[in-house]
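1. Dropping a prediction and its sequence here:
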Amino acid sequence: MKKLCVFCAILSLLLVFLSPAMPVLANETDMSVVSGCNSVDAAMTLSPSEKKAETAKAVILYELKSDTMLYAWNPDERIYPTSMVKLMTALVAIENASLTDEVTVTRAALNSVAIGSVSAGLKAGEVMTLQDLLSCMMVASANDASAVIAEYVGGSQAAFIQMMNDKAAELGCRATAYTNVHGLHDEGTYTTARDLCRITEAALENEVFATMFKTAVHTIPATNKSPERTIKTTNSMMVGSGNKKYPDARVTGGKTGATNQGGRCIILTAEQNGMDLLCIVMGAEPTVEEDGSLSRFGSFEESKELLDYAFGNFEYRQVFFDGQSVAQYPVSGGASDVVTQPAESASTVLPKDIDVSTLKWVYQQTAGTITAPVKQGAKLGTVQVWYGEKCLAQTQMVAMHDVSVKTAPIVPERPAGIMNDENWLPVLLIVGILVGLLLIGVVIVLVMRYTRILRRRARRREMRKRRRSERNG
């Protein structure tokens, strides 16, 4: 019985050491696919959608650096663009002609503009650079300059209008159409606040356009028909406009417009605390007193209220950092897991009173298994930051470090003719058994010898007892 127990113990140890180890599989987190990050087309805004402008028909507050739609009111309602048409006129002209071109003002261009509308006082036969004509249009909102520019760049105003509509389609505008180049009222010319946001954002990426958009005062050199003249912006909220009531140091640029049908309109940019805002107010109504005086312009007051709201309730904060650990994923055949980090640092707009714990990080691994080797900087997916149902920021996830291929332990090769472990095992078992039997045999022999010795001693003691008895008897 004892021999059986010893054999079982030895067999158990052999099974433990010789059986293959079972691998431990790491579970990959199931990341749901999410989309709809910040853009002009964002369906949701960062702030509630209740009305914040008293009279405006459509409003947008858009943060340009982070592409965050902060607030929108009727962004997709069809409206009349008024002089915001000139934003597209300027962009198309800048992209299709040289600023140093000398342009001759034609009588046909001047006659195409309604008498009494905003004008730079251009004269037929006057020669001016395209850059100065663009400044007349963008800074002073001159309709005569718009007509001259369109005729020169397009060959005709009709051809230029087609170029404008083509550009709108290229930018993704879904509800914008142009029938003139200046924005004087026409039922066939319409847009939406969202399309205006799209157009302005694209135009501001053009350095020439951005400079004109942010110019408060421009001096036009003397021409063959006129002496030197200075023009000022119609955006009374810009410092330098000459207006004493509305200037706001936060405002960095803008374009105004007004018609009876389209109302008072303004598109402006403003900066504060790292935020770069685009504010669009369309269709605001002025307040006229009984004596005919204008006590409230409409678009200026409502723009200021919107800027106060945006800068008072939101701030620009960094959410992605260089070297920030984002997620960890298993690597098939790799020596280790891979840790990811954002491909770039990024900031976004957050409510000032936000509880950071309410932010949600959503990771989306690139489809398929990550396989070794992995190089540092390899794109492995995306990471997004969500606030409620709103995606605030998104960037690529990249490998923070290299992951090499996992190598097997190096086992020295056996010389030829030497048996391997599998061949030695039966031999070792037989030798072990033989040694065991030999030991048992030795023990048996020793026991038998010891028994004989004990018997001899017993017989001798018995014989001594008998001899003593005989003597005593």
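-> It's in.
2. how deep is the nearest residue to S336 once chain neighbours are set aside tucked in, by neighbour count?
-> With sequence-adjacent residues excluded and distances taken as CB to CB, 6 or more residues apart in numbering, S336 is closest to V403, at 5.8 Å. (Each C-beta comes from the backbone N, C-alpha and C, glycine too.) Residues contacting V403 under the criterion other CB atoms under 10 Å number 24.
3. Tell me how far I161 lies from P81.
-> 13 Å (CB to CB, to the nearest Å).
4. re earlier: so what's the residue nearest to S336 up against?
-> Taking CB atoms under 8 Å, 6 or more residues apart in numbering as the contact definition, V403 lies against V331, G334, A335, S336, D337, V338, A372, P373, V374.
5. So for I161 and P81, which residue has more residues nearby?
-> Neighbours per residue (other CB under 10 Å) separate I161 from P81, with P81 holding more: 28 against 22.
6. just checking, the more buried one touches T189?
-> Yes: counting by CB atoms under 8 Å, T189 is a contact partner of P81 at 6.5 Å.
7. Let me know the average pLDDT across stretch 119-129.
-> Summarised as a single mean, pLDDT over stretch 119-129 is 98.
8. Please name the strands paired to the helix or strand hosting G381 in the sheet, noting orientation.
-> For G381, the host element (DSSP states H and E) is strand 379-387. Sheet pairing for strand 379-387, assigned by DSSP bridges, gives strand 359-365 (antiparallel), strand 390-399 (antiparallel).
9. Determine which of the ones you listed approaches E126 most closely.
-> strand 390-399 (50.6 Å; CB to CB).
10. could you point out which element follows that closest one?
-> Next along from strand 390-399, by DSSP H and E: helix 421-472.
11. now for that following helix, which elements pack on it?
-> If you count contacts as 3 or more CB pairs under 8 Å, 6 or more residues apart in numbering; DSSP states H and E, helix 421-472 packs onto no helix or strand.
12. and that helix, how far from the chain's centre?
-> 89 Å (CA atoms, centre = their mean, to the nearest Å).
13. same thing with stretch 248-257?
-> With CA atoms, centre = their mean as the basis, stretch 248-257 stands 28 Å off its chain's centre.
14. In it, which residues are buried?
-> Applying a neighbour-count criterion of 16 or more other CB atoms under 10 Å, one finds D248, R250, V251, T252, G253, G254, K255, T256, G257 buried in stretch 248-257.
15. For the stretch 201-350 of the chain, which segments are assigned as helices?
-> 207-213, 299-313 (DSSP state H, counting those that start in this stretch).
16. Which strands or helices does the last one pack on?
-> If I follow you right, that is helix 299-313. Judged by 3+ CB pairs under 8 Å, 6+ apart, the packing partners of helix 299-313 are strand 58-63, strand 68-73, strand 251-259, strand 263-272, strand 275-284.
17. contact partners of that helix?
-> 47, 52-56, 59, 61, 70-71, 236-237, 246, 248, 250-251, 256, 258, 263-266, 268, 270, 272-273, 275, 277, 279, 281, 284, 351-353.
18. What subset of those is buried?
-> 47, 52-53, 55-56, 59, 61, 70-71, 236-237, 246, 248, 250-251, 256, 258, 263-266, 268, 270, 275, 277, 279, 281, 284.
19. residues contacting Q318?
-> With CB under 8 Å, 6+ apart, Q318 has these contacts: S345, A346, S347.
20. Thought R317 was touching the first one, still the case?
-> No: if you go by CB under 8 Å, S345 and R317 don't touch, sitting 11.8 Å apart.
21. Which one's more surrounded, these two?
-> Ranked by neighbour count (other CB under 10 Å), S345 and R317 place R317 first, with 16 against 13.
22. Hmm, the more buried one is touching S347, no?
-> Yes: counting by CB under 8 Å, R317 does reach S347; the two are 6.0 Å apart.
23. Strands - which of the contacts of Q318 land there?
-> Judged by DSSP state E, strands contain the following of the contacts of Q318: A346, S347.
24. Adding distance to T200, write the contacts of Q318 out as CSV.
-> Shown next, in CSV, are those (distance: CB to CB, whole Å):
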residue, distance to T200
S345, 26
A346, 23
S347, 21
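25. I'd like the contacts of Q318 as TSV, with distance to D101 and pLDDT appended.
-> Output for these, formatted as TSV (distance: CB to CB, whole Å; pLDDT from 0 to 100):
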residue	distance to D101	pLDDT
S345	42	89
A346	40	87
S347	40	89
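26. and A372, how many neighbours?
-> 16.
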